[in-house]
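Enquirer: Build the 3D model from these lines:
(one chain, ligands or ions: 1)
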Amino acid sequence: MLPTKLIEEIEIPSASLGNNRKLKVIRYGKKNSGKKAYIQAGLHADEPPGFVLMHYLIKLLDEADKAQKITGEIVLVPVANPIGISQWQDGRVQGRFEFFNGINFNRNYPELTERVATLVKKKLGKDPTKNIRLIRNAQLSCLEKDRPIVDEGDFLKNTLLSMSVDADVVIDLHCDYEANLHIYTGTPLWPDAADLTAQMGARVTLLARNSGGEPFDEACSKIWWELAEILPEHPIPPACLAATIELRGITDVSHQYGKSDAANLFTFLKRRGYVRGKAPKLPRLLKDATPLEGVEQLKAKSAGVVIFRKEIGDVVKKGDIIADIVNPMAEDPAGRITYVRCQHGGLLFTKIVDRYAKPNRVIAKIAGKAPIKGKGKHLLTF
Ligand SMILES: [Zn+2]
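Expert: Residues are numbered from 1 along each chain as shown. From the prediction side, this is the model:
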């Protein structure tokens with residue numbers, strides 16, 4: 001058996017004369033092997049830790065491929081957003097929002113549930129495996145129909161989805177500003193995804209059925225439980241384990257992290273049957289998942305400079321002061337510092353990196369066990 005690695009380049013339609021961007025896709029294993037995993041990095045192109053993970057993961061998969069150990073289909077897109085990574089402004093990459101329209105590259109993915117339901121409802125039967133195949137084909141045909149898209153941002157979204165919606169495992173690699181490693185995934189995918197959390201060593205896993213922003217991972221996973229709800233007479237399992245892994249903070253870029261995170265993802269793939277060989281014993285789950293609705297977004301009430309009193313990973317309780325906001329312009333010395341207190345309690349898992357506050361800016365997030373009332377439909381920050 002020969003190595004299976006294939007490298008493909010997908011050209012994104014030109015948005016400006018003389019400029020053509022490309023997506024590089026690395027494929028291992030056989031198509032239609034019955035198991036497909038899809039992993040991408042840098043959808044938010046200014047979040048570098050995923051690229052380093054990819055560097056080490058490619059090394060591991062190349063070795064496994066040479067040793068003929070790839071047993072599933074594995075698709076990697078090591079740089080998922082060539083548009084965002086070219087957006088330099090004020091001396092740095094601005095890869096979160098598309099310059100052209102201001103839209104977040106990880107929001108507003110197309111919702112295909114109703115179209116797919118119309119296409120499959122008369123064809124579904126009692127066999128969940130057949131139902132999965134029918135639904136995946138319908139998703140792919142909707143995306144194919146939408147493909148003649150000239151806008152490069154929409155083309156990118158369509159292309160990334162076309163490579164991933166038929167996968168059993170979809171991993172989208174991101175990072176936060178200052179954070180510990182944490183994971184977002186679907187409520188119906190827990191505890192199935194607990195091996196991913198345990199292997200990656202995450203202390204925070206945030207669950208939602210619908211986070212409200214149509215991010216990439218949910219475009220792959222949410223359709224399954226939505227269809228199961230619309231068409232309850234047919235067995236429709238949550239067939240795509242899609243997760244967003246936040247690889248700590250924006251400056252947590254090192255060979256050590258890249259190497260160990262890639263090794264953990266590789267072990268996860270091994271345990272799930274994509275690579276032949278015995279996976280080591282699953283590490284202990286450090287913390288159970290909590291609802292995304294339980295995340296307290298700590299907001300500043302005034303302008304000033306933020307001095308945090310708590311560290312990432314601290315367990316905090318209601319009433320604790322998490323940060324001081326310093327305003328050197330206040331006349332009254334007592335008014336020069338205001339406090340930001342925790343209202344609910346939980347694990348502090350992310351902070352802003354630039355330390356500037358303005359009223360209503362979210363400066364930190366705390367993962368609590370219970371849903372917080374009145375969160376509304378939009379659970380993600382913009
Ligand atoms: Zn991101």
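Enquirer: Show me what the mean pLDDT comes to for stretch 182-191.
Expert: Mean pLDDT, stretch 182-191: 98.
Enquirer: Check the stretch 151-300 of the chain for the residue nearest the ion and tell me.
Expert: residue 174 (3.3 Å; Cβ to the ion). To be clear about C-beta, it is placed using only N, CA and C from the backbone, and glycine gets the same treatment.
Enquirer: For that residue, the count of nearby residues, please.
Expert: Applying other Cβ atoms under 10 Å, we find 23 residues neighbouring residue 174.
Enquirer: who's in contact with the nearest residue to residue 357 once chain neighbours are set aside?
Expert: Counting by Cβ to Cβ, 6 or more residues apart in numbering, residue 357 lies nearest to residue 300, which is 3.6 Å off, once chain neighbours are set aside. Residue 300 makes contact with 306, 323, 325, 340, 357-361, 363 under the criterion Cβ atoms under 8 Å, 6 or more residues apart in numbering.
Enquirer: what do you get for residue 357?
Expert: With contact taken as Cβ under 8 Å, 6+ apart, residue 357 is in contact with 300, 302-306, 325, 363.
Enquirer: now do residue 37
Expert: 72-75, 167-171, 269, 272, 274.
Enquirer: Now the spatially most central residue of the chain, what are its backbone angles?
Expert: The centroid of the chain falls nearest to residue 244 when counting by Cα atoms, centre = their mean (2.1 Å). Note on residue 244: backbone dihedrals following degrees, to the nearest 10 are phi -100, psi 120.
Enquirer: Kindly report the same for the one 3 residues further on.
Expert: Taking degrees, to the nearest 10, you get phi -80, psi 70 for the backbone angles of residue 247.
Enquirer: burial measure for it, as a count.
Expert: Residue 247 is flanked by 26 other residues according to other Cβ under 10 Å.
Enquirer: Spit out the contact partners of the closest residue to it other than its chain neighbours.
Expert: Leaving aside its chain neighbours, residue 247 sits nearest to residue 49 (3.8 Å; criterion: Cβ to Cβ, 6+ apart). Residues in contact with residue 49, defined by Cβ under 8 Å, 6+ apart, are 173, 175, 247-248, 250, 252-253, 257-258, 261.
Enquirer: List buried members of those residues by neighbour count.
Expert: Buried members of those, counted by 16 or more other Cβ atoms under 10 Å: 173, 175, 247-248, 250, 252-253, 257-258, 261.
Enquirer: Restricted to helices, list those residues.
Expert: The helices, defined by DSSP state H, take in 257-258, 261 from those.
Enquirer: Tabulate these in JSON lines, adding columns for distance to residue 162.
Expert: As requested, these are arranged in JSON lines below (distance: Cβ to Cβ, whole Å):
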{"residue": "257", "distance to residue 162": "31"}
{"residue": "258", "distance to residue 162": "28"}
{"residue": "261", "distance to residue 162": "27"}
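Enquirer: in which helix or strand would I find residue 13?
Expert: strand 6-16 (DSSP states H and E).
Enquirer: packing partners for that strand?
Expert: Applying 3 or more Cβ pairs under 8 Å, 6 or more residues apart in numbering; DSSP states H and E, one finds that strand 6-16 makes contact with strand 19-28, helix 152-164.
Enquirer: Can you list the neighbours in contact with that strand?
Expert: With Cβ under 8 Å, 6+ apart as the criterion, strand 6-16 contacts 20-28, 82-83, 100, 149-152, 155-156, 159.
Enquirer: Residue 111 contacts residue 214, doesn't it?
Expert: Yes. With contacts counted by Cβ atoms under 8 Å, residue 111 reaches residue 214, the gap being 6.4 Å.
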